[in-house]
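>>> Task: produce atomic coordinates for the following.
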Amino acid sequence: MRNEVKGCKDLERITSITITLLQESNRGYKIKLMNGKRILIVDDDHDIVDAMEAILMMEDYVVMHAYDGNGGIQKAHDCNPQIILLDYMLPDITGKEVAQAIQSHPELHKIPIILVSAAREAQETSKNLGLAGYIEKPFDMDVLLQTVKQHIT
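Below you'll find the predicted structure:
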C-alpha cells in the first residue's frame, strides 16, 4: 500500500492510524497498524524525492512533496506535516527562506525542519536558524530514518 499523499485533501481520508486488514490463512485477519505520521519533502531533485519517499513509505510514513520552495510553503500551510525535510538549494527561493517563512507562521513554527543538502553553508545555516537538524547529501538511509524518528512529533 502506498502512503503517498497527492494532495492535502487526501489527508481527510487518512486518520492518524490507518488500519489495513490482511487476510491470514485459517486465522481470520491480521491487523497491520500504519503510523500515519505526515512528512513533507521539499526538494527539486525528483530522484532524491523518489528515494526518500520509498524509504519513508517502507516505514509507513505518509509522504507529501513539493518541488520548489513556494510550493513547500503552501503545502506546509495546507497539510500541517509533522516534520519537513527541506533542500537548501531550490529553483525559486532558498531553503533558508522556506524555513524562515514556516518558522514565522504562528500555526507552523513548531514543525521540526531538517535541512538536507550537499551545500557547505547549509549545515551552518541549519544551526543559525535553530532547525531540528541537518542531513548531508548524498544521504544514508539509516541516518535519514534515525533523524526523522528522533524529531517527528
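>>> Run a quick neighbour tally on residue 113.
Counted with other C-beta atoms under 10 Å, the neighbours of residue 113 add up to 28. Quick note: C-beta positions are derived from backbone N, CA and C, even for glycine.
>>> meant to ask about residue 134
18.
>>> Near the closest residue in space to it that isn't next to it in sequence, how many other residues are there?
The shortest distance from residue 134 to any non-neighbouring residue, by C-beta to C-beta, 6 or more residues apart in numbering, is to residue 126 (4.1 Å). Residue 126 is flanked by 24 other residues according to other C-beta under 10 Å.
>>> Contacts only, for residue 126.
Counting by C-beta atoms under 8 Å, 6 or more residues apart in numbering, residue 126 makes contact with 115, 133, 134.
>>> Quick one: neighbours of residue 45, just the number.
Residues near residue 45, counting by other C-beta under 10 Å: 14.
>>> Pretty sure it sits against residue 89.
No. Between residue 45 and residue 89 there is no contact under C-beta atoms under 8 Å: 9.3 Å.
>>> Tell me where the model's unsure across the chain.
By pLDDT under 70, the weakly predicted segments of the chain are 1-35.
>>> Can you show me the helices along it?
46-58, 69-79, 95-103, 120-129, 141-151 (DSSP state H).
>>> Next, check the contacts of residue 126 against the strands and list the overlap.
115, 133, 134 (DSSP state E).
>>> Those residues into TSV, with extra columns for distance to residue 39?
Converted to TSV, the ones in strands among the contacts of residue 126 look like this (distance: C-beta to C-beta, whole Å):
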residue	distance to residue 39
115	14
133	13
134	16
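>>> quick one: which of these is nearest residue 61?
residue 133 (16.3 Å; C-beta to C-beta).
>>> which residue packs closest to that closest one, ignoring adjacent ones?
Once flanking residues are discounted, residue 133 sits nearest to residue 114: 4.6 Å by C-beta to C-beta, 6+ apart.
>>> hang on, that neighbour packs against residue 136?
No. Using C-beta under 8 Å, residue 114 and residue 136 do not qualify as a contacting pair, with a distance of 11.2 Å.
>>> Between these two, which is the more surrounded one?
When residue 114 is set against residue 136 and neighbours are counted by other C-beta under 10 Å, the residue ahead is residue 114, at 22 against 15.
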